[in-house]
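**Student:** model this:
(chains A and B)
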There are 2 protein chains.
Amino acid sequence: MRDINIAMFGLGNIGSGVMKILSENKDMISNRYNIDFIISGILVRDINKRRDIDIDKSLLTDRVEKLISDKRVSVVIEVLGGVNPAREYILMALKAGKTVVTANKEVLARHWQEFHEAAKDSGAGLYYEASVAGGIPIIKVLNQSMQANSITEIMGIINGTTNYILTNMSEAEKDFEEALEEAQKLGYAEPDPTADISGLDAMYKLSIMSTLAFHAKVPIDNIYREGLTHLTKEDIRYGKELGYTIKLLAIAKKKGNVIEARVHPSFIQKNHPLAAVREAYNAVFINGDRVGNLMLYGRGAGDMPTGSSIISDLITACQNECKQEYTTFANRDKSLSMVEFNDNWYSGFFIRMTVKDNPGVLSSIAGIFGKFGVSIESVIQKGHGADTATLIFVTHKALENSIKGAISEINMMDDITKVENIIRVEV
Amino acid sequence: MRDINIAMFGLGNIGSGVMKILSENKDMISNRYNIDFIISGILVRDINKRRDIDIDKSLLTDRVEKLISDKRVSVVIEVLGGVNPAREYILMALKAGKTVVTANKEVLARHWQEFHEAAKDSGAGLYYEASVAGGIPIIKVLNQSMQANSITEIMGIINGTTNYILTNMSEAEKDFEEALEEAQKLGYAEPDPTADISGLDAMYKLSIMSTLAFHAKVPIDNIYREGLTHLTKEDIRYGKELGYTIKLLAIAKKKGNVIEARVHPSFIQKNHPLAAVREAYNAVFINGDRVGNLMLYGRGAGDMPTGSSIISDLITACQNECKQEYTTFANRDKSLSMVEFNDNWYSGFFIRMTVKDNPGVLSSIAGIFGKFGVSIESVIQKGHGADTATLIFVTHKALENSIKGAISEINMMDDITKVENIIRVEV
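**Tutor:** Numbering: from 1, shown residues only, chains lettered A, B, ... in the order given. Predicted coordinates for the structure are as follows:
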């Protein structure tokens, strides 16, 4: 039996979950892997705060140096979240030769390169399965099962909060505000939901996933991002009529050396496997040149699924003698330096507008779309006979810039009251 | 750059696929992993046979000893299929200290223990990702991502041939024979389809998967098996009316130390994620005490997806210096020796029977079910007014033995013409 001493940085929801699994599944884990995990210390901001978890108070400290200088500690579990002070503490640990297991997508997406170099210098390991999609083992699958593949596409539902909200908006026909409030009440959304509903959280995760998938760094600055606050139940209902389900998708595609990466609400066909991913569940679709389509589906958040991934990393790290288990982007494909990012990609578009109900309006609008090379798949008109009517266009695959051009010209027409909403359609 | 010399045992469809990937993705693989794979020799039965693949004839040999004694060779890829001579050749390779990567589910399910011991003795590695579900990385996920979990259930569609046939029977309302012929014409079924349609292939795979999931050996002799030749388009159509989709499921459940494992056709609710797995696709559902529900979906057969898994194993083996990457069942949970197998499990049942159209028949049958403690969820009667009528019962969860008892008593009734078919319903 090997004793492995661990320091925890943070004791929130995820940290408590890790403690719970290590205690409840202790015998099972030590029987299977001949390892006994010993918590040597836990970094918290306030030692005297009341906590739901039953914990030996002598383990708690507010001094990171105490844990870093503890020679027994070989692995640090970082579940602080956010960039500060997580970045500094992770670097301290790596430089001290301690392997880091983190669930922190933001700090990893922003400072991966720096961590990678610190780990390489000291020989420590850096593990981050829990940073993307909770209990779904997407990091290991990308790193250790797709080696023979050139991956051309990765597409996922990787934010449980927004998927819960969108499922509720779609199935119970609720407004965004109402669905958000409900999600907050049930603990699916934070009191400050910004990072989720603005797509930031999904952007961090997409940066990590696509960097691994493409063997080339996909920085967050190169990811287009659009949140979901502008979605209305009307749009979602009209989309449903047309056979679509609404999702917040994180999409990255690679064609030669050109990468596009984007997070935004998307309509997808209701028979697409991702359309069936409801509530707080996550799923990731991969397309590889050898493996074809592959999908992983599971619980993308919560203390137990995320804890499952953290402890998996922990055991893998120990089996690798706490060394780095795989190289990362920094020394992979030679074509790395030649990557270009594209922000004028193709997709379908759902466009809802209010127009004056005059004869000839549809024809004029269709003419403008045609001029910009945008081909229309379907049009629905609602409310004919009143002063104004609603027109909904769904386009075939079109370029972002062509749509922008067409919409700005349409906006100048006298008969247009308002272009109400534009939602991409993944085709 | 490291040179790794490989011997291939077999050059059929899968073997040729491996050669193709190694040649077409050669630069990508060596750039990423600093490894050059060199094929040192290929074992075939007939050196002079015409082959579709362009191959250096000097690599071919019909003498296994030549490859085993080749000191340059550190890894053997075994794609012969079947037990003989694969078993003997794998053992020869392992005893000679050569790591074996195999796609051969039958030989692994039957002789795993023996291979494990030979590998342990010589220090060679044994890798078998390709043996289950083609390109889906289910073996790595079970071994390397579920360590923190006690897995209670694994359920999958793990035979592409039968799923193709059942999709066709269900969606195009074809008879079994017709759907089989079509699958054969399109290359989805072998000229001799026995191993697939009898459930043997799925049984081997379930034995491997459930052994890893439960950390306890699940021998094929302890797996109940039923093929799909008795399914008719009538049953499938009636099932659809009731909201079910037909699948050949491989199911294993563990409760305490009691395991049940079974391969048989099953109706599942049409909104179950597995119901959407069509044609030759595979999917595996896992339930773990920490991770919750997890599903992997992808292409379960074919030269490219299976080749993708073989080459992934190959690279992993090289990164592990061709050593065993993980322990297997033989030295895992201490509770191993205490496992019991249960063959009297619970499920729902769909029972179709032809009866004489006399008043009181339904009441008598319902009485017999009641006597055996079987509760009825729904009954449909078809063809009332003719001499005979069709009755379809769907039961709530009931024990296998209770159903057997009830059916044998029902069969003795004067008014029963025939119990036409019994199909389990997974609830």
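
**Student:** Show me what from the stretch 1-150 of chain A comes close to chain B.
**Tutor:** A:21, A:25, A:28-29, A:31-33, A:129, A:135-137, A:140-141, A:144-150 (CB under 8 Å from any CB of the partner chain). All C-beta atoms are positioned from the backbone trio N, CA, C, and that covers glycine.

**Student:** what's the pLDDT at the residue nearest to the spatial centre of chain A?
**Tutor:** Chain A has A:A202 as the residue nearest its centroid, 2.8 Å off, counting by CA atoms, centre = their mean. For A:A202, the model assigns a pLDDT of 98.

**Student:** Quickly note the distance from it to B:I154.
**Tutor:** 30 Å (CB to CB, to the nearest Å).

**Student:** A:T162 now?
**Tutor:** 30 Å.

**Student:** Which one's more surrounded, these two?
**Tutor:** Neighbours were counted for A:T162 and for B:I154 using other CB atoms under 10 Å in any protein chain shown; A:T162 has more, 30 against 26.

**Student:** name the element the more buried one belongs to?
**Tutor:** Using DSSP states H and E, A:T162 sits in helix A:160-171.

**Student:** buried stuff in the helix or strand just after that helix?
**Tutor:** As assigned by DSSP H and E, the chain's next helix or strand after helix A:160-171 is helix A:176-185. Across helix A:176-185, burial judged by 16 or more other CB atoms under 10 Å in any protein chain shown covers A:176, A:179-180, A:182-184.

**Student:** next one: stretch A:10-25
**Tutor:** Within stretch A:10-25, the residues that qualify as buried are A:10-11, A:13-22, A:25, counting by 16+ other CB under 10 Å.

**Student:** Just put these in TSV and tack on pLDDT.
**Tutor:** Converted to TSV, the buried residues of stretch A:10-25 look like this (pLDDT from 0 to 100):
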residue	pLDDT
A:G10	97
A:L11	96
A:N13	94
A:I14	95
A:G15	96
A:S16	96
A:G17	96
A:V18	97
A:M19	97
A:K20	96
A:I21	97
A:L22	97
A:N25	94
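
**Student:** Where do the helices of the stretch 251-400 of chain A begin and end?
**Tutor:** Using DSSP state H, counting those that start in this stretch, the helices of the stretch 251-400 of chain A run over residues A:303-319, A:361-371, A:400-411.

**Student:** And the stretch 1-150 of chain A, by the same measure?
**Tutor:** Here the stretch 1-150 of chain A has its helices, by DSSP H, counting those that start in this stretch, at A:13-24, A:26-33, A:64-68, A:86-95, A:105-122, A:138-144.

**Student:** Just name the most buried of those.
**Tutor:** Comparing those by mean neighbour count (mean count of other CB atoms under 10 Å in any protein chain shown), helix A:138-144 ranks first with a mean of 24.

**Student:** Now tell me what touches it from outside.
**Tutor:** The contact list for helix A:138-144, computed with CB atoms under 8 Å, 6 or more residues apart in numbering or on different chains, reads A:128-129, A:131-132, A:151, A:208-209, A:212-213, A:284, A:286, A:294, A:296, A:312, A:316, A:325-326, B:137, B:140-141, B:144-145, B:312, B:316.

**Student:** still on that earlier bit, now for the helix holding A:T162, which elements pack on it?
**Tutor:** For helix A:160-171, the packing partners by 3 or more CB pairs under 8 Å, 6 or more residues apart in numbering or on different chains; DSSP states H and E come out as helix A:176-185, helix A:194-197, helix A:233-241, strand A:244-255, strand A:281-288.

**Student:** Turn these into CSV, columns for distance to chain B and mean pLDDT.
**Tutor:** Formatted as CSV, the helices and strands packed on helix A:160-171 follow (distance: least, CB to the nearest CB, whole Å; pLDDT from 0 to 100):
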stretch, distance to chain B, mean pLDDT
helix A:176-185, 19, 96
helix A:194-197, 20, 96
helix A:233-241, 17, 95
strand A:244-255, 13, 97
strand A:281-288, 7, 97
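
**Student:** what's the closest of those to A:D52?
**Tutor:** Nearest of those to A:D52, taken as CB to CB: helix A:176-185 at 18.9 Å.

**Student:** Can I get the closest one as CSV, trimmed to CA atoms?
**Tutor:** The C-alpha coordinates for helix A:176-185 follow below in CSV (Å, rounded to 0.1, in the frame of the first residue of the first chain):
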residue,chain,number,x,y,z
PHE,A,176,-35.6,33.7,-20.3
GLU,A,177,-35.9,35.6,-17.0
GLU,A,178,-38.4,33.2,-15.6
ALA,A,179,-36.3,30.2,-16.6
LEU,A,180,-33.2,31.7,-15.1
GLU,A,181,-34.9,32.4,-11.8
GLU,A,182,-36.1,28.8,-11.6
ALA,A,183,-32.6,27.5,-12.4
GLN,A,184,-31.2,29.7,-9.6
LYS,A,185,-33.9,28.5,-7.1
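
**Student:** what pLDDT does A:M146 get?
**Tutor:** pLDDT at A:M146 comes out at 97.

**Student:** What separation do you get for the closest residue in space to A:I39 that isn't next to it in sequence and chain B?
**Tutor:** Sequence neighbours aside, A:I6 is the residue nearest to A:I39 in space, at 5.6 Å (criterion: CB to CB, 6 or more residues apart in numbering or on different chains). Distance of A:I6 to chain B, computed by CB to the nearest CB, to the nearest Å: 14 Å.

**Student:** same question, A:E426
**Tutor:** Between A:E426 and chain B the distance is 18 Å, computed by CB to the nearest CB.

**Student:** Would you check that that residue makes contact with A:L249?
**Tutor:** Yes: A:E426 is in contact with A:L249 according to CB atoms under 8 Å; the separation is 6.2 Å.
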